[in-house]
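S.K.: coordinates only, sequence not included:
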């Protein structure tokens with residue numbers, strides 16, 4: 001099938017594939033972070049209740065990861081144009097506590113210019 005769009009534009013099928021790929025990468029990263037946090041909590045030396053700042057921080061993170069995953073799932077269900085997709089990815093990355101540095105660069109490198 002020949003695309004009737006201008007060169008450089010993404011076809012509808014490619015848009016869908018791109019969106020799925022981006023959301024999958026972000027979801028996998030967040031799931032890995034959730035696993036890492038749970039492992040740290042599981043292997044953490046016995047804390048002094050309410051006095052161990054690092055342990056309390058890990059407990060907070062354990063709550064925040066599922067919230068980001070819920071937000072991601074809601075965004076992934078939306079029917080987005082390529083421009084909307086780029087905007088939403090940018091907004092999500094900017095608001096995420098867990099996506100930055102190399103992970104952010106890998107995600108952004110998969111986006112169209």
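M.R.: Yes, it's here. Note that the structure is a prediction, hence the values are computed from the model and not measured. Residues are numbered from 1 along each chain as shown.
S.K.: residue contacts, residue 75?
M.R.: 23, 88, 92 (Cβ atoms under 8 Å, 6 or more residues apart in numbering). Quick note: C-beta positions are derived from backbone N, CA and C, even for glycine.
S.K.: residue 30 too?
M.R.: 65, 68, 69, 72, 98, 99.
S.K.: could I get the contacts of residue 75 in JSON lines, plus columns for secondary structure and pLDDT?
M.R.: Listed next are the contacts of residue 75 as JSON lines, based on DSSP: H, G, I helix; E, B strand; the rest coil; pLDDT from 0 to 100:
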{"residue": "23", "secondary structure": "helix", "pLDDT": "87"}
{"residue": "88", "secondary structure": "helix", "pLDDT": "87"}
{"residue": "92", "secondary structure": "helix", "pLDDT": "91"}
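S.K.: secondary structure element holding the residue nearest the centre of the chain?
M.R.: Closest residue to the average C-alpha location of the chain: residue 26 at 3.0 Å, with Cα atoms, centre = their mean. Assigned by DSSP states H and E, residue 26 belongs to helix 12-42.
S.K.: how far does that helix sit from its chain's centre?
M.R.: The gap between where helix 12-42 is centred and where its chain is centred comes out at 5 Å by Cα atoms, centre = their mean, to the nearest Å.
S.K.: ditto for stretch 63-77
M.R.: That offset, for stretch 63-77, works out to 8 Å (Cα atoms, centre = their mean).
S.K.: give the contact list for the residue lying closest to residue 62 once chain neighbours are set aside.
M.R.: Leaving aside its sequence neighbours, residue 62 sits nearest to residue 37 (Cβ to Cβ, 6 or more residues apart in numbering; 5.2 Å). By Cβ under 8 Å, 6+ apart, the contact list for residue 37 reads 58, 61, 62, 65.
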